[in-house]
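Chemist: what would the 3D arrangement of this be:
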Amino acid sequence: MSDERIIEHGREVVRIEAEALTALTGRINGDFARAVKMIFECSGRVIVTGIGKSGLIARKIVATMNSTGTPAIYLHPADAIHGDLGMVRSEDVVLLISKSGNTEELKQILPIFKRIGARVISMLGNAGPSVLGDHSDIVLDAGVEEEACPHNLAPTASTTAALALGDAMAVALLKMRDFSPEDFALFHPGGSLGKRLILRVDQIMIAGEAVPVVHQAVPLKDAILEITTKRLGATCVVDDERRLVGMITDGDLRRLLERDTDMTNLLAVDVMSTKPKTIPPHTLASTALELMEKHKITQLIVTDEHRAPRGIIHMHDLVQLGLG
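Modeler: Presented below is the predicted three-dimensional model:
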């Protein structure tokens, strides 16, 4: 097969699935709103079930709901009839996913859901009469005109539509819960996004005795010794009240040497930069990184409300944490 034909087939699949999603928007209606409200108001969890390709979509919907504030569990229909139905409670909402609406495995467990007292939402690819549709509290139409499969057999456009409908439910629930980026990060602490939204400067800054600090009246050689000893390439400069008044960096010293090699009588105050970049301790680490990148610097002084230096945060540490 030529490259042109392969490209043509690929584009045809995308076209068919895109048209299926476009058609789906017209079916986001009152039934969809009722389904979302039913889940939002339930005191239990969403039990999502389906088998085959629908089961894979069910697992993805569960993952999306859990990560956006809606507790959900996937229930395999085969496991359900061998004991796992014990996880279902009357306060739960069950979401059945089926292309035909007559999936045998789901037909077997549907009466048990009803007997337990759980409410049932069906997401079906068949808009006509069906066993699941006839016995559900709410039916969501996820049907498509055709599959992207050339034989109209393999679930392709239909699974895409079901997945999109599940995403639509999850995001609608997210907005109803006022689910914030910080809430999202709470459930994703291991990823770079979670770190960006959770880690604060005071949690990762260099603090205590490791922070280089000198008084503004000390000889420059003492400031250089402090920079060398603390190995951060800079030192904070403070006044009598231990308030930050400046900063001396390796770069400042190099520029000084280019102008004047005699440092004998110089004090820290003579060399320091008087407007060092600072950041409050409870600021997000990601904000610190953005500030460093904006000003093309590699470190920030962390100061408290009295402008006393409490720590230093270095870009290398942020990069090592996966924020850069």
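Chemist: am I right that residue 126 falls within a helix?
Modeler: No - counting by DSSP: H, G, I helix; E, B strand; the rest coil, residue 126 is not part of a helix but coil.
Chemist: quick thing: my sequence starts at 51, can you match it?
Modeler: All set: I'll call the first residue 51, so the last point we hit is now residue 176.
Chemist: residue contacts, it?
Modeler: Counting by C-beta atoms under 8 Å, 6 or more residues apart in numbering, residue 176 makes contact with 148-152, 183, 193. Just so you know, the C-beta spots here come from the backbone N, C-alpha and C atoms, and that holds for glycine as well.
Chemist: just the buried residues of the biggest helix by length in the chain, please?
Modeler: For the chain, the helix with the greatest residue count under DSSP state H is helix 53-75. By 16 or more other C-beta atoms under 10 Å, the buried positions in helix 53-75 come out as 63, 66-67, 70, 74.
Chemist: distance from that helix to the middle of the chain?
Modeler: Distance, stretch centre to chain centre, for helix 53-75: 29 Å (C-alpha atoms, centre = their mean, to the nearest Å).
Chemist: that one - contacts with which helices or strands?
Modeler: With contacts taken as 3 or more C-beta pairs under 8 Å, 6 or more residues apart in numbering; DSSP states H and E, helix 53-75 sits against helix 207-226.
Chemist: ok, and what's touching the helix it packs on?
Modeler: 66-67, 70-71, 74, 78, 82, 85-86, 89-90, 103-104, 106-107, 110-111, 114-115, 118-120, 147, 149, 173, 175, 190, 192-194, 196-198.
Chemist: which of the residues you listed are buried?
Modeler: 66-67, 70, 74, 78, 82, 85-86, 89, 103-104, 106-107, 110-111, 114-115, 118-120, 147, 149, 173, 175, 190, 192-194, 197-198.
Chemist: out of the residues you listed, list just those in strands.
Modeler: In this view, these that belong to strands under DSSP state E are 147, 173, 190.
Chemist: which of the residues you listed lies closest to residue 279?
Modeler: Closest approach to residue 279 among these (C-beta to C-beta): residue 147, at 64.0 Å.
Chemist: ok, that closest one to residue 114 distance?
Modeler: 13 Å (C-beta to C-beta, to the nearest Å).
Chemist: domain assignment for this structure?
Modeler: Taking automatic domain parsing as the reference, the chain has its domains at 53-229, 248-370.
Chemist: now do the end-to-end distance for the last one.
Modeler: Terminal residues of domain 248-370 lie 16 Å apart, using C-alpha to C-alpha, to the nearest Å.
Chemist: what's the answer for stretch 87-101, then?
Modeler: One end of stretch 87-101 sits 26 Å from the other (C-alpha to C-alpha).
Chemist: show me which residues of that stretch are buried.
Modeler: Neighbour-count burial for stretch 87-101 [16+ other C-beta under 10 Å]: 88-89, 92, 94-101.
Chemist: state the mean pLDDT of it.
Modeler: Across stretch 87-101, pLDDT averages out at 96.
Chemist: pLDDT of the longest helix of the chain, averaged?
Modeler: In the prediction, helix 53-75 has an average pLDDT of 94.
Chemist: got the angle for it vs helix 207-226?
Modeler: 50 degrees (axes from the mean of the first three to the mean of the last three C-alpha atoms, to 10 degrees).
Chemist: what's next to helix 53-75, contact-wise?
Modeler: Helix 53-75 is contacted from outside by 192, 194-198, 206-208, 210-211, 214-215, using C-beta under 8 Å, 6+ apart.
Chemist: next SSE downstream of the one helix or strand in the chain whose mean pLDDT sits lowest?
Modeler: Using mean pLDDT, DSSP states H and E, helix 242-248 stands out as the lowest-scoring helix or strand of the chain, at a mean of 64. Counting by DSSP states H and E, the next helix or strand C-terminal to helix 242-248 is helix 251-254.
Chemist: which other helices and strands does that next one contact?
Modeler: Contacts defined by 3+ C-beta pairs under 8 Å, 6+ apart place helix 251-254 against helix 335-345, strand 349-353, strand 359-364.
Chemist: centre of the chain versus the last one, how much separation?
Modeler: The reference is to strand 359-364. Using C-alpha atoms, centre = their mean, the offset of strand 359-364 from its chain centre is 27 Å.
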